[in-house]
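Novice: All I have is the shape, not the residue letters:
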């Protein structure tokens, strides 16, 4: 549940991640980072900077080579495969650049996917999904398949799905990368709404303009944190930084 | 994930590729259908044959000279003895004295001796000669219900005969009771009047429903005159001797009666003195067991051919499931990101494979039964649904799905969610 507490929702301590790709590649080289419950943070960096690796670690899709990643009070590396899956399903909501909806499931069924793996009753799932889809403006597209929806609509289904289990943390990986600017703005506003309701949001992007929707921007370059900025929404900094 | 949800999602994946799923199922349908066709037809034949045999022969005990089922002793016969071809290997050893003694044994209602007369004989009616077997037996061989027309001959009276309807049908002219037949024995022909026409006679080792064309005459006088003889140790003279006889036991005392008959042959019989290998005493139950066991083996063997087809179908499922895992790598990643455990992913793919196998069974079993029914109707045997085999076939369908889906499902479970989500 997205409750405010003194404990940070994510705590990354001195994390290193190395890959063996015909030689050791260091993707993250000692990263320390904390996300408070209900916070809104953007991780920004060029491709190859290590931001996707960071996202995978925080999303419990991967484990660090050294250091600790603690998500919702759980040390990811210490969890079993099944416990990590449960963590992903109930405590984390994923939003991807390519939407990643199940192609043969309807909008409602896609939204209920994490609830299905969490063994909710069918009618409870359906009620929850209908509510969430109405919230993102798709109340009239409940039983449509992804292929019957526009890109923006698909991403909104994905947002509804990410919110289904009301997780502490929403991970959004380039959520506006595959939609036009106007739709992108709608999506960013939905993420802000979610954050306002108490879900911590971690946004990963390479675009400064998108990153500045967050309250804090973490700049990552070459596997290390270069700089952390606070965003003052009253005086946008977008123009100056470009 | 709840089982119901898993099955529903798996079913959705399959219906998403209708043609592909259908073609995969065809392999299983052929396999299971083949098994059911052979099993249902085989079982029908078995039930029909055994039923007919039990109906007529439930209380019969068959006595045959020689030791059936063991290797033939040194003598004039080579090869393994086959029931139904007794005259060619058994020696006459059941003397008239033995037949009389058997009638006296407690529990024996009737003794029906049976002896072929002059195997080279032909039976002529109005100029047409047919090579029917002429067999000497007693009137007890013809229960009332076996008569289509007329009645039995009397023992001790010459000049009348009984024939099977198959024998009568062999002639162009219509034979009815009262007509005259000529039995063309090698030395001199005998003329007999048809006393009755029967569906079949008791006492033959006639395993397949008595469709033999045979003409029956009384043992007295015909077998006495033309049949084989053996020396009766008890009476010290040569007398007519048979190769087989059928005892009709009191229905609820068959086993005890069989024991007493066996004891007689072990101790005081002429047959024991004449025959090196003694006699074989078998009740209908023994014979039915034998037939059932032989037919069971045949059904199993032929149904095994269906298993080969099922094996081919299993490779079809494995193949399509592996393709499916590769194709749906991204979906696996999505499910894992949304909380699917490895074993749930494995379960989903396994459920798909099992559903394919089960669909094969659901289509293949009725199809096999329909063809089996058609074959039984064509062969004019009553149709029996082989419930045991239907169960076996259903389990085989499921097992095929499990076995062929196991490796693809395991591959699916092991997909790395990071790679999968990046997969296009």
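Specialist: Good, I have the coordinates. Worth saying up front: this structure is predicted, and the values here are computed from it rather than measured.
Novice: and the residue of chain A found nearest chain B, what element?
Specialist: Going by C-beta to the nearest C-beta, chain B is nearest to residue A:89 of chain A, at 1.6 Å. (Each C-beta comes from the backbone N, C-alpha and C, glycine too.) Using DSSP states H and E, the secondary-structure element containing residue A:89 is helix A:81-90.
Novice: Would you indicate which residues of stretch B:271-278 are buried?
Specialist: B:271-272, B:274-275, B:277-278 (16 or more other C-beta atoms under 10 Å in any protein chain shown).
Novice: How about the contacts made by residue A:79?
Specialist: By C-beta atoms under 8 Å, 6 or more residues apart in numbering or on different chains, residue A:79 lies in contact with A:60, A:87.
Novice: And the one 4 residues further on, by the same measure?
Specialist: Counting by C-beta under 8 Å, 6+ apart, residue A:83 touches residue A:74.
Novice: can you list the domains in chain B?
Specialist: With domains defined by automatic domain parsing, chain B comprises B:3-52+B:290-422, B:60-283.
Novice: Same list (these) but as CSV, adding mean pLDDT and distance to chain A.
Specialist: As requested, the domains of chain B are exported to CSV (pLDDT from 0 to 100; distance: least, C-beta to the nearest C-beta, whole Å):
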stretch, mean pLDDT, distance to chain A
domain B:3-52+B:290-422, 91, 2
domain B:60-283, 80, 57
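Novice: most packed of those domains?
Specialist: domain B:3-52+B:290-422 (a mean of 20; mean count of other C-beta atoms under 10 Å in any protein chain shown).
Novice: Roughly how far does the residue nearest the centre of chain A sit from residue A:204?
Specialist: Nearest to the geometric centre of chain A sits residue A:171, at 0.8 Å (C-alpha atoms, centre = their mean). From residue A:171 over to residue A:204 the distance is 7 Å, taken as C-beta to C-beta, to the nearest Å.
Novice: Show the pLDDT at residue A:220.
Specialist: Residue A:220 is assigned a predicted lDDT (pLDDT) of 94.
Novice: for the helix or strand containing it, packing partners?
Specialist: Using DSSP H and E, residue A:220 falls within strand A:216-221. Applying 3 or more C-beta pairs under 8 Å, 6 or more residues apart in numbering or on different chains; DSSP states H and E, one finds that strand A:216-221 contacts strand A:40-44, strand A:224-230.
Novice: Show me what from chain A comes close to chain B.
Specialist: Listed as neighbours of chain B in chain A under the rule C-beta under 8 Å from any C-beta of the partner chain: A:56, A:59, A:61-62, A:81-82, A:85-86, A:88-90, A:94, A:96, A:100-105, A:113-114, A:116-119, A:122, A:161, A:165.
Novice: residue contacts, the residue of chain A closest to chain B?
Specialist: Taking C-beta under 8 Å, 6+ apart, we find residue A:89 in contact with A:114, A:117-118, A:165, B:338-340.
Novice: please redo it, this time with the cut-off set to 6 Å
Specialist: Applying C-beta atoms under 6 Å, 6 or more residues apart in numbering or on different chains to residue A:89 gives the contacts A:114, A:117-118, B:338-339.
Novice: How about residue A:47: what's its closest non-neighbour residue?
Specialist: residue A:206 (6.4 Å; C-beta to C-beta, 6 or more residues apart in numbering or on different chains).
Novice: correction: residue B:62
Specialist: residue B:282 (4.9 Å).
Novice: From what I see, that neighbour and residue B:60 are in contact.
Specialist: No - with contacts counted by C-beta atoms under 6 Å, residue B:282 stays clear of residue B:60, the gap being 9.3 Å.
Novice: Next secondary structure after the lengthiest helix in chain A?
Specialist: Determined from DSSP state H, the single longest helix within chain A is helix A:181-196. The element immediately downstream of helix A:181-196 (helix or strand, assigned by DSSP H and E) is strand A:200-205.
Novice: if I pick residue 91, what's in contact with it?
Specialist: All of this is about chain A. Taking C-beta under 6 Å, 6+ apart, we find residue A:91 in contact with A:72, A:167-168.
Novice: Can you look at chain B instead?
Specialist: By C-beta under 6 Å, 6+ apart, residue B:91 lies in contact with B:65, B:275.
Novice: ditto for residue B:361
Specialist: Counting by C-beta under 6 Å, 6+ apart, residue B:361 has contacts B:32, B:393-394, B:397.
Novice: in a helix, that's where residue B:123 is, yeah?
Specialist: No - checked against DSSP: H, G, I helix; E, B strand; the rest coil, residue B:123 lies outside a helix; its state is strand.
Novice: Now it. Nearest residue, chain neighbours left out?
Specialist: The nearest residue in space to residue B:123 (C-beta to C-beta, 6+ apart) is residue B:132, at 4.5 Å.
Novice: For residue 39, give me phi and psi.
Specialist: No chain in the question, so chain A it is. Dihedral pair for residue A:39: phi -80, psi 170, per degrees, to the nearest 10.
Novice: wrong one, chain B
Specialist: phi -70, psi -40.
Novice: where's it relative to residue B:393, distance?
Specialist: For residue B:39 relative to residue B:393 (C-beta to C-beta), the value is 8 Å.
Novice: do residue A:191 as well
Specialist: 55 Å.
Novice: Model confidence for the residue nearest to the centre of chain A, exactly?
Specialist: 96.
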